[in-house]
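J.: 3D model of this:
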Amino acid sequence: MSKQRTLTQDQESQRLEGLRILARIIARHYLAHPELYPQPVDTSDGRSEGSGQAREQEGAA
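T.: Here you go, the predicted model:
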(Lines give C-alpha, C1' and ligand atoms only; values in the text may rest on other atoms or scores of the structure.)
Protein backbone atom coordinates (compact mmCIF):
# COMPACT_ATOMS: atom_id res chain seq x y z
CA MET A 1 0.00 0.00 0.00
CA SER A 2 2.45 2.71 1.12
CA LYS A 3 5.78 2.83 -0.61
CA GLN A 4 8.91 2.74 1.52
CA ARG A 5 11.09 5.78 1.17
CA THR A 6 14.83 5.46 0.91
CA LEU A 7 16.93 7.82 2.97
CA THR A 8 19.67 9.98 1.61
CA GLN A 9 23.20 9.25 2.86
CA ASP A 10 22.97 12.30 5.16
CA GLN A 11 19.61 11.21 6.56
CA GLU A 12 20.92 7.68 7.18
CA SER A 13 23.96 9.11 8.99
CA GLN A 14 21.71 11.27 11.16
CA ARG A 15 19.46 8.27 11.90
CA LEU A 16 22.41 6.14 12.99
CA GLU A 17 23.84 8.94 15.14
CA GLY A 18 20.44 9.35 16.81
CA LEU A 19 20.29 5.62 17.54
CA ARG A 20 23.79 5.74 19.04
CA ILE A 21 22.81 8.66 21.27
CA LEU A 22 19.66 6.83 22.39
CA ALA A 23 21.67 3.67 23.14
CA ARG A 24 24.11 5.69 25.29
CA ILE A 25 21.21 7.28 27.20
CA ILE A 26 19.66 3.87 27.87
CA ALA A 27 22.99 2.32 28.92
CA ARG A 28 23.81 5.20 31.27
CA HIS A 29 20.37 4.98 32.88
CA TYR A 30 20.74 1.21 33.33
CA LEU A 31 24.17 1.63 34.93
CA ALA A 32 23.00 4.47 37.18
CA HIS A 33 19.78 2.67 38.27
CA PRO A 34 20.24 -1.13 38.06
CA GLU A 35 17.60 -1.64 40.74
CA LEU A 36 14.92 -0.58 38.25
CA TYR A 37 15.68 -3.47 35.89
CA PRO A 38 14.85 -7.14 36.58
CA GLN A 39 17.81 -9.48 36.81
CA PRO A 40 17.67 -12.85 35.03
CA VAL A 41 17.48 -16.02 37.09
CA ASP A 42 19.79 -18.82 35.97
CA THR A 43 18.19 -22.21 35.44
CA SER A 44 19.88 -25.58 35.14
CA ASP A 45 19.40 -25.71 31.35
CA GLY A 46 21.07 -22.35 30.71
CA ARG A 47 17.87 -20.37 30.13
CA SER A 48 17.03 -17.19 32.02
CA GLU A 49 13.62 -16.46 33.45
CA GLY A 50 11.97 -14.42 36.18
CA SER A 51 13.21 -11.28 37.82
CA GLY A 52 15.58 -10.26 40.56
CA GLN A 53 12.61 -9.79 42.87
CA ALA A 54 11.56 -13.42 42.44
CA ARG A 55 15.09 -14.55 43.27
CA GLU A 56 15.11 -12.39 46.41
CA GLN A 57 11.77 -13.85 47.51
CA GLU A 58 13.07 -17.40 47.00
CA GLY A 59 16.10 -16.63 49.13
CA ALA A 60 13.94 -15.22 51.92
CA ALA A 61 11.73 -18.33 52.05
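J.: which residue ranges of this structure form strands?
T.: Taking DSSP state E as the criterion, the chain carries its strands at 41-42, 48-49.
J.: poorly predicted segments of the chain, please.
T.: Low-confidence regions of the chain, defined by pLDDT under 70, span residues 1-2, 44-61.
J.: mind running it again at 50?
T.: 51, 55 (pLDDT under 50).
J.: longest helix in it, by number of residues?
T.: Longest helix in the chain, counting residues (DSSP state H): helix 9-32.
J.: mind giving me the packing neighbours of that one?
T.: Judged by 3 or more Cβ pairs under 8 Å, 6 or more residues apart in numbering; DSSP states H and E, helix 9-32 has no packing partners among the helices and strands. In this view, the C-beta of every residue, glycine as well, is placed from N, C-alpha and C.
J.: how close does the nearest residue to residue 30 once chain neighbours are set aside get to residue 28?
T.: Spatial nearest neighbour of residue 30, excluding adjacent residues (Cβ to Cβ, 6 or more residues apart in numbering): residue 37 at 6.0 Å. Relative to residue 28, residue 37 is positioned 13 Å away (Cβ to Cβ, to the nearest Å).
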